[in-house]
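Q: predicted structure and sequence below. I'll ask about it afterward.
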Amino acid sequence: MKIHFIAIGGSAMHNLAIALHLKGYLITGSDDNVFEPSKSRLQKFGLLPKEFGWFPSKISSDLDFVILGMHAKADNPELIESKKQNVKILSYPEFIYEMSKDKTRVVIGGSHGKTSITAMILHVLNERNKNVDFMVGAQLEGFETMVHLTDKNDFILLEGDEYLSSAIDRRPKFHLYQPNIALISGISWDHINVFPTKENYINQFEKFIDTIIPGGVLVYNKLDSEVEKISIQSQKSIRKLDYSMPKYIINNGSTFLITDEGEIPLNIFGDHNLSNLAGAKLVCQLMGVHEEDFYNSIVSFKGADKRLETILNMNDRNVFKDFAHSPSKVVATTNALKKQFKNRKLIALLELHTFSSLNENFINQYKDSLKSADLAILFYDPNAALKKGLNKIGKEKIKNAFNDNNLKVFSDSNKLQHFLLEQSYSNSNLLFMSSGNYASIDLDFLINQIKESK
């Protein structure tokens with residue numbers, strides 16, 4: 001099979017391209033730029049475009065498919081040429097469904113937690129030697145690619161993103177998978193550029209429930225009032241299973257699950273991670289993993305890339321980075337660190353990077369989201385807002401939106417780095433939260449300085 005990827009450098013796109021290459025398909029691709037880690041990984045498999053840009057000459061009538069990434073616009077020259085030549089064009093979720101129509105599809109959805117839950121399930125299945133196909137949005141230790149497709153596996157595990165499928169397919173990705181087993185972890189209004197109201201956003205999850213195959217299973221987080229409401233109200237002919245917070249204790253900065261098997265030590269922490277674990281356990285049981293085997297396997301789970309990832313671990317200080325960017329994620333992450341390390345100062349830095357977070361009509365959703373931090377810092381790049389067609393937001397407006405007059409607001413990366421270097425990190429934790437590039441700070445340099453500081 002011969003397949004061309006338009007916008008091959010995306011997180012899911014490049015993983016899918018590699019997976020199909022390993023499957024023996026003939027893969028080509030284009031993009032206007034490719035960043036790490038996609039760049040190195042595509043290069044390793046000989047799939048990195050020789051030059052960046054869009055080239056209609058790459059499109060030919062002998063292509064079986066063109067897979068269109070969300071990064072590509074509707075006027076993309078290669079997309080236009082594909083239409084001219086009547087090549088079949090699919091978004092990657094459409095293609096994934098085509099490849100998994102005869103499998104049991106397990107789809108993990110939610111505004112937050114879906115990557116971590118998918119990663120937990122995949123880790124446990126791997127530990128138990130249960131082979132499944134999968135697609136996960138973050139890199140996991142022990143896995144070369146985060147998309148795996150075969151002809152023989154019975155199950156496919158999919159992270160269900162609610163964002164749009166492509167420039168010519170405005171359906172949310174998770175509406176296309178038609179799950180046999182679905183999970184919803186939480187709902188918190190996001191993607192204001194696509195879903196202008198909270199009601200419109202919630203409706204996408206109601207539609208997701210409607211896509212579950214009749215007789216299928218919905219696993220839902222009953223701690224989230226919106227999730228519980230739409231799950232209970234659904235008239236779909238499906239089985240419904242709820243989960244909540246498992247019992248646990250924190251002892252000397254470590255979290256232990258309280259189970260019938262005794263106290264089980266974990267490498268992860270925080271209420272959001274623990275409720276995620278409860279959801280992952282239910283799904284694993286539906287996939288044939290016994291409860292005792294789940295616990296035996298989850299003890300070695302260290303988390304997904306950039307999900308409360310420890311990048312410095314010392315006796316009196318830690319540094320973490322997290323993908324948190326929406327208000328609910330910021331609250332969950334800062335609360336988790338403060339609860340886990342009650343006697344340490346928490347220095348929390350949030351970068352506003354997404355369209356929603358940079359939007360003056362949305363920023364009030366961040367009210368009190370950093371209140372758990374002892375020192376709250378925010379990085380805001382006005383140029384990033386202008387590039388997204390948004391108005392600049394003044395520092396006072398940002399402080400008012402966060403309801404914090406003591407919030408330190410920076411728009412200059414060098415000044416921010418200088419401020420961070422001036423801080424004392426004795427008996428402290430530093431947390432970076434961003435879906436971008438962490439304010440362009442050289443994290444390796446900063447960590448080395450923190451390591452040596454008093």
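A: Received it, and whenever you're ready, just let me know what you need. Numbers count the residues shown, from 1 in each chain.

Q: all helices of this protein, in order?
A: With helices called from DSSP state H, the chain shows them at 11-22, 38-44, 77-84, 92-99, 114-127, 198-210, 225-233, 271-286, 291-298, 327-340, 382-387, 395-402, 413-422, 443-452.

Q: how far is the shortest one from where the chain is centred?
A: The chain centroid and the centroid of helix 382-387 are separated by 23 Å, computed with CA atoms, centre = their mean, to the nearest Å.

Q: about what we covered before: ranking the helices of the chain by mean pLDDT, which is last?
A: Mean pLDDT is lowest for helix 382-387 among these, at a mean of 84.

Q: can you list contacts of that helix?
A: By CB atoms under 8 Å, 6 or more residues apart in numbering, the residues outside helix 382-387 that reach it are 352, 353, 358, 391, 392, 393, 411, 436. Where you see a C-beta, it was placed from the backbone N, CA and C, and this is true even at glycine.

Q: if we ignore the residues flanking it in sequence, what's nearest residue 8?
A: Counting by CB to CB, 6 or more residues apart in numbering, residue 8 lies nearest to residue 29, which is 3.0 Å off, once chain neighbours are set aside.

Q: please apply the same query to residue 312.
A: Closest to residue 312 by CB to CB, 6+ apart is residue 319, at 3.8 Å.

Q: what of residue 317?
A: Once flanking residues are discounted, residue 317 sits nearest to residue 425: 4.6 Å by CB to CB, 6+ apart.

Q: ok so, going back, quick one: contacts for the residue nearest to residue 8?
A: If you count contacts by CB under 8 Å, 6+ apart, residue 29 has them with 4, 5, 6, 8, 13, 17, 42, 47, 49.

Q: which ones are touching the fifth one?
A: With CB under 8 Å, 6+ apart as the criterion, the residues that contact residue 13 are 5, 7, 29, 67, 69, 71, 92.

Q: quick one: contacts for the closest residue to residue 31 other than its chain neighbours?
A: Nearest non-adjacent residue to residue 31, counting by CB to CB, 6+ apart: residue 9, 4.2 Å away. Contact analysis of residue 9 by CB under 8 Å, 6+ apart lists 31, 33, 34, 35, 38, 39, 42, 71.

Q: which of the residues you listed lies closest to residue 314?
A: Taking CB to CB as the measure, residue 314 lies nearest residue 35 of the contacts of residue 9, at 30.2 Å.

Q: next one, pLDDT for residue 307 please.
A: The score at residue 307 is 78. That number is its pLDDT.

Q: give me the neighbour count for the residue lying closest to it once chain neighbours are set aside.
A: Leaving aside its chain neighbours, residue 307 sits nearest to residue 116 (5.3 Å; criterion: CB to CB, 6+ apart). Neighbours of residue 116 under the rule other CB atoms under 10 Å: 28.

Q: and the average pLDDT for the biggest strand by length in the chain is what?
A: Longest strand of the chain, by residue count under DSSP state E: strand 345-352. Across strand 345-352, the average pLDDT comes to 95.

Q: packing partners for it?
A: Counting contacts by 3 or more CB pairs under 8 Å, 6 or more residues apart in numbering; DSSP states H and E, strand 345-352 packs against helix 327-340, strand 375-380, strand 428-433.

Q: among those, which is nearest residue 288?
A: helix 327-340 (30.2 Å).

Q: and the closest one, what's buried?
A: Residues of helix 327-340 classed as buried by neighbour count (16 or more other CB atoms under 10 Å): 327-338, 340.

Q: off-centre distance for stretch 127-144?
A: What separates the centre of stretch 127-144 from the centre of its chain is 15 Å, taken as CA atoms, centre = their mean.

Q: check the separation of the first and last residues in it.
A: 16 Å (CA to CA, to the nearest Å).

Q: same question, stretch 48-61
A: Terminal-residue distance, stretch 48-61 (CA to CA): 22 Å.

Q: contacts for it, please.
A: With contacts defined as CB under 8 Å, 6+ apart, stretch 48-61 is touched by 4, 6, 8, 28-34, 39, 42, 66, 76-78, 80-82, 85-87.

Q: just the helices of the chain: most buried one?
A: helix 114-127 (a mean of 25; mean count of other CB atoms under 10 Å).

Q: same for that one, what does it pack against?
A: With contacts taken as 3+ CB pairs under 8 Å, 6+ apart, helix 114-127 sits against strand 104-109, strand 155-160, helix 271-286, helix 291-298.

Q: still on that earlier bit, surely the residue nearest to residue 317 touches residue 452?
A: No. With contacts counted by CB atoms under 8 Å, residue 425 stays clear of residue 452, the gap being 10.0 Å.

Q: what comes up buried for stretch 230-246?
A: 230, 231, 234, 236, 238, 241, 242, 243.

Q: so which of these comes closest to residue 137?
A: Out of the buried residues of stretch 230-246, the member with the shortest distance to residue 137 (by CB to CB) is residue 243, at 21.3 Å.

Q: how about that closest one: what's its closest non-neighbour residue?
A: Nearest residue to residue 243, sequence neighbours excluded (CB to CB, 6+ apart): residue 278, at 4.2 Å.

Q: so how far is residue 284 from the one you found?
A: Remark: distance between residue 278 and residue 284 (CB to CB, to the nearest Å) = 11 Å.
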